[in-house]
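1. the sequence and its predicted three-dimensional model are supplied below.
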Amino acid sequence: MIENCFRVIPLLFLCFFLGACGGGGPTTLPDAPPPWQEAPSNPDEATAPRPSPFGGNNPRLDNPNKPNSFWSNQPRPSPVTPKPTFASKPNYTINAYANVWVLIQDKRGNELEWISLKSGDEVPIMHRGPLTMTCSSSKSVKISDKNGKKIETGNKTNGINIIRLP
């Protein structure tokens with residue numbers, strides 16, 4: 001009985017170990033392009049007025065040009081928006097050899113730009129600082145720096161590739 005336990009216990013540990021480590025199967029990424037940012041399919045939808053979710057009309061908002069108080073006659077300050085950090089000439093250029101999606105992010109992972117490229121397209125990248133580019137197919141793009149030197153894109157597969165640029 002004890003001899004059988006000494007044979008079974010190592011076998012159980014081996015089974016648990018292989019099961020916990022995933023069994024050694026390869027992990028692959030799908031060959032799908034990254035999801036596109038959410039945008040209205042019809043350009044008129046973005047500018048069309050939307051009805052109030054509370055129902056009815058607000059008489060104070062019916063005519064925004066009608067002055068009704070001292071404050072409506074005062075000039076409104078322009079909103080302060082941070083200016084994007086662009087270079088005077090492109091830091092990088094992306095050439096597409098096939099249909100490809102490219103996501104450009106800053107060093108903190110904030111989305112800067114989504115680009116959909118077709119074969120033969122050339123797009124300048126004006127953003128400064130460290131960038132991360134995610135391509136839907138690394139074989140379909142060539143990235144060059146401002147001097148025209150080719151940037152290596154790593155693996156040459158049809159799958160999604162992440163490229164870090166200084």
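-> That came through, no problem.

2. from now on I want contacts and neighbour counts done on CA atoms only, so please keep to that.
-> Noted.

3. how about the helices of this structure, start to end?
-> Counting by DSSP state H, the chain has helices at residues 2-20, 43-47, 59-62.

4. where does pLDDT dip in the chain?
-> For the chain, the stretches flagged by pLDDT under 70 are 1, 17-88, 154-158.

5. which residues in it form strands?
-> 92-96, 100-105, 111-117, 122-125, 131-135, 141-145, 150-151, 161-165 (DSSP state E).

6. nearest to Leu12, of those strands?
-> strand 161-165 (39.5 Å; Cα to Cα).

7. give me the angle between that closest one and strand 131-135.
-> Interaxial angle of strand 161-165 relative to strand 131-135 (axes from the mean of the first three to the mean of the last three Cα atoms, to 10 degrees): 160 degrees.

8. which residues touch strand 161-165?
-> Residues from elsewhere that reach strand 161-165 (Cα atoms under 8 Å, 6 or more residues apart in numbering): Pro130, Leu131, Thr132, Met133, Thr134, Cys135, Ser136, Ser137, Ser138, Thr153, Gly154, Asn155.

9. let's see 10 Å
-> 29, 92, 102-107, 129-139, 143, 145, 151-155 (Cα atoms under 10 Å, 6 or more residues apart in numbering).

10. selecting buried members of those residues in PyMOL, what would you type?
-> Buried residues within the contacts of strand 161-165, by 16 or more other Cα atoms under 10 Å, are selected in PyMOL with:
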select buried, resi 92+102+103+104+105+106+131+132+133+134+135+136+137+138+139+143+145+151+153
